[in-house]
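**Q** Sequence and predicted model, in that order:
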Amino acid sequence: MYTDDILRFLPPDHVSLRDWNIIIVDVPNECHEEIFVGYSEGDRLGRLSTPIKNYDANTGIGETRSGSSYMTIGEPGSPHDDAIYVLEQTFGKDLIERELFSDSGQSVLAFKYPLNK
């Protein structure tokens, strides 16, 4: 799938994620997937996941295609600055700025949950 081609993989892990959100990747005729983005408590890094296989918003627990398990901490909102940096390095700063932080995007990338004000 599309996101597998562009995401750099860390080994499967148990990740506690704070300052997080979910990014919807919607490339017409290629994929419609969701990925976690946030700050990993364990390794103290901004982190993107591989595509989410399942996520229970009530428990805050999810699993990704790579086999990692994610536990989200707190409410979704604005991802940590380190996570935004990783997004920019992975997808390109111009694409992230256009798709996630302006009104001129084509909805190829979108936050699933509203950003904190």
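**A** Yep, it's here.
**Q** Now do the helices in this structure.
**A** When assigned using DSSP state H, the helices of the chain occupy the ranges 2-6, 81-91, 93-100.
**Q** Strands along the chain, start to end?
**A** Per DSSP state E, the chain carries strands over the ranges 14-27, 31-40, 45-48, 52-56, 61-64, 69-72, 109-111.
**Q** now those in CSV, with mean neighbour count?
**A** Heads up, the C-betas are built off the backbone N, CA and C, glycines and all. What follows is those, written out as CSV (neighbours: other C-beta atoms under 10 Å):
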stretch, mean neighbour count
strand 14-27, 20
strand 31-40, 21
strand 45-48, 21
strand 52-56, 14
strand 61-64, 18
strand 69-72, 18
strand 109-111, 17
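**Q** just the helices of the chain: most buried one?
**A** helix 81-91 (a mean of 18; mean count of other C-beta atoms under 10 Å).
**Q** which other helices and strands contact that one?
**A** With contacts defined as 3 or more C-beta pairs under 8 Å, 6 or more residues apart in numbering; DSSP states H and E, helix 81-91 has these neighbours: strand 14-27, strand 31-40, strand 45-48, helix 93-100.
**Q** Can you check which of the ones you listed gets nearest to Ile73?
**A** For Ile73, the closest of the helices and strands packed on helix 81-91 is strand 14-27, at 4.2 Å, according to C-beta to C-beta.
**Q** give the contact list for Asp82.
**A** 39, 45-46 (C-beta atoms under 8 Å, 6 or more residues apart in numbering).
**Q** is it possible to export the residues you listed to a markdown table including distance to Ile73 and pLDDT?
**A** Shown next, in a markdown table, are those (distance: C-beta to C-beta, whole Å; pLDDT from 0 to 100):
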| residue | distance to Ile73 | pLDDT |
| --- | --- | --- |
| Tyr39 | 9 | 97 |
| Leu45 | 15 | 92 |
| Gly46 | 15 | 94 |
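**Q** ok, now how distant is Asp81 from Glu63?
**A** 26 Å (C-beta to C-beta, to the nearest Å).
**Q** and what of Glu33?
**A** 14 Å.
**Q** With Val108 instead?
**A** 24 Å.
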